[in-house]
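J.: Provide a 3D model corresponding to the input given below.
(chains A and B)
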Amino acid sequence: MMEDQEEKGNAENGIGRQKQVKDEYLLQFLDSLDGYLTLLDSLSSTLSQGWLELASARHAMGASRINGALLDLKVHAAATSLKVSEQDVDSMESQPCFTLCKWASSDNGERSSGEEKSLSPQLRHRNNSQLSGIISSPVSFSHFFNFFLSCEEEKVSTRTGTPLILVDQQRQKSLSVFGVLVSPKLRSAQLSFERALETLVEIANLHTTMLSMFEQVHKELENTNG
Amino acid sequence: MAGRAQIPTKSSALIAMIADEFGVVLLCWDTVTGFLLAGVGNVDLRRKTNYLIVDSKTTVKAIEDAFKEFTTKEDIAIVLISQYVANMIRFLVDSYNKPIPAILEIPSKDHPYDPAHDSVLSRVKNLFSAESVASGRR
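T.: Coordinates of the predicted model:
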């Protein structure tokens, strides 16, 4: 009798734990989905701003100075690239984690110190400031680390000794495709699209988390139905 | 560890772009131009770029070929594709299931983002609507 009760208790605990795990997966999935949609909305705003600034620059400089014919088709490496590393989700699964390396490459193939941002999504903390809670502590994969474009540039510069001038040179090189003297609106457009890139890397990380959680939830649902 | 999918780690990967630009010539190239200003443009030794600008003359086959090329190249980690362009090759985009490169559908100037057409979100929607039908039957 006692043994039966004990077995029944163990079974109930097991079911309770399973339910807890399922709820956790579902919560993580819904969190990442919400974050994904919010970031996409933010991306749309940033891109709209960039397009408007580009149009203003075209208006100021003239259509002949900003058009596709000027795109640089000489052999060159991307100045902004990505670092992909593996992030452990659990003992059976890992997912990629993207880190943006802005203005970190030069044409001669040498990698100079640039700005690096790794924004790994975690479970959101549900509070009043929801937007600020979406991206919690990022994971650092190297000694370069950056959160926000404008306010963190100086901190990166002083912390690592990376001259901002190198980053500025890369930016100027990118702008030089459209001439030496460019409209301030073109510079603003450049910054807007840089912000859009940062948002996109956050979206990519959330995207992989969402897919991973989706697979887990799908598996759990199949086990429940099966 | 048994059963773990291997994620290829890369120290320097590219972002590829397939973006649409429709309309008058003055309004073309904006999305790709913007990201090129941000420094993601890459031209290799064979003069091949990591972006494709889709205009009215671009065929669906060309878009499919570019998509297949970008998703099989080892040095590309993220592929940005305008959702409008993704809709032209929807079958190909929906059947893609590798973790890298990640396929991100982005809005374009003339076509705002529509969550209903997003590849991942429509998969999620199908799962939950199938599940609610199944639980209704039970």
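J.: could you confirm residue B:121 falls within a strand?
T.: No: applying DSSP: H, G, I helix; E, B strand; the rest coil, one finds residue B:121 to be helix, outside a strand.
J.: that one reaches residue B:115, doesn't it?
T.: Yes: judged on C-beta atoms under 8 Å, residue B:121 makes contact with residue B:115 at a distance of 5.2 Å. (Glycine included, C-beta is placed from N, CA and C.)
J.: so residue 76 bridges to which residues?
T.: Looking at chain A here, since you left the chain open. Beta-bridge pairing of residue A:76 under DSSP bridges involves residue B:43.
J.: switch to chain B, please.
T.: In beta-bridge terms (that is, DSSP bridges), residue B:76 pairs with residue B:14.
J.: please, which helix or strand holds residue A:171?
T.: Element membership of residue A:171 [criterion: DSSP states H and E] is helix A:164-175.
J.: state the mean pLDDT of whichever helix or strand comes after that helix.
T.: With elements assigned by DSSP H and E, the helix or strand that comes after helix A:164-175 is helix A:184-225. Per-residue pLDDT over helix A:184-225 has a mean of 88.
J.: same for helix A:184-225, what does it pack against?
T.: helix A:2-61, strand A:93-102, helix A:149-160, helix A:164-175, helix B:30-37, strand B:76-82, strand B:102-106, helix B:119-137 (3 or more C-beta pairs under 8 Å, 6 or more residues apart in numbering or on different chains; DSSP states H and E).
J.: same thing but at 7 Å, please
T.: Using 3 or more C-beta pairs under 7 Å, 6 or more residues apart in numbering or on different chains; DSSP states H and E as the contact test, the elements touching helix A:184-225 are helix A:2-61, strand A:93-102, helix A:149-160, helix A:164-175, helix B:30-37, strand B:102-106, helix B:119-137.
J.: so which of these is the most surrounded?
T.: Across those, averaging neighbours per residue (mean count of other C-beta atoms under 10 Å in any protein chain shown) puts helix B:30-37 on top, at a mean of 26.
J.: how far off strand B:76-82 does that helix point, in degrees?
T.: Interaxial angle of helix B:30-37 relative to strand B:76-82 (axes from the mean of the first three to the mean of the last three C-alpha atoms, to 10 degrees): 150 degrees.
J.: just after helix B:30-37, pick out the following helix or strand.
T.: strand B:51-54.
J.: parallel or antiparallel, which strands does that following strand pair with?
T.: Take DSSP bridges as the rule and strand B:51-54 pairs in its sheet with strand B:10-20 (parallel).
J.: what mean pLDDT does the strand it pairs with have?
T.: 66.
J.: before we move on, back to that, other SSEs contacting the helix holding residue A:171?
T.: By 3+ C-beta pairs under 7 Å, 6+ apart, helix A:164-175 packs against helix A:184-225.
J.: and with 8 Å instead?
T.: Counting contacts by 3+ C-beta pairs under 8 Å, 6+ apart, helix A:164-175 is packed against helix A:149-160, helix A:184-225, helix B:30-37.
J.: out of those, which gets nearest to residue A:60?
T.: helix A:184-225 (6.0 Å; C-beta to C-beta).
J.: distance of residue B:127 relative to chain A?
T.: 6 Å (C-beta to the nearest C-beta, to the nearest Å).
J.: and the spatially closest residue to that residue that is not a sequence neighbour, how many neighbours does it have?
T.: Leaving aside its chain neighbours, residue B:127 sits nearest to residue A:218 (6.0 Å; criterion: C-beta to C-beta, 6 or more residues apart in numbering or on different chains). As a burial measure, residue A:218 scores 16 neighbours (other C-beta atoms under 10 Å in any protein chain shown).
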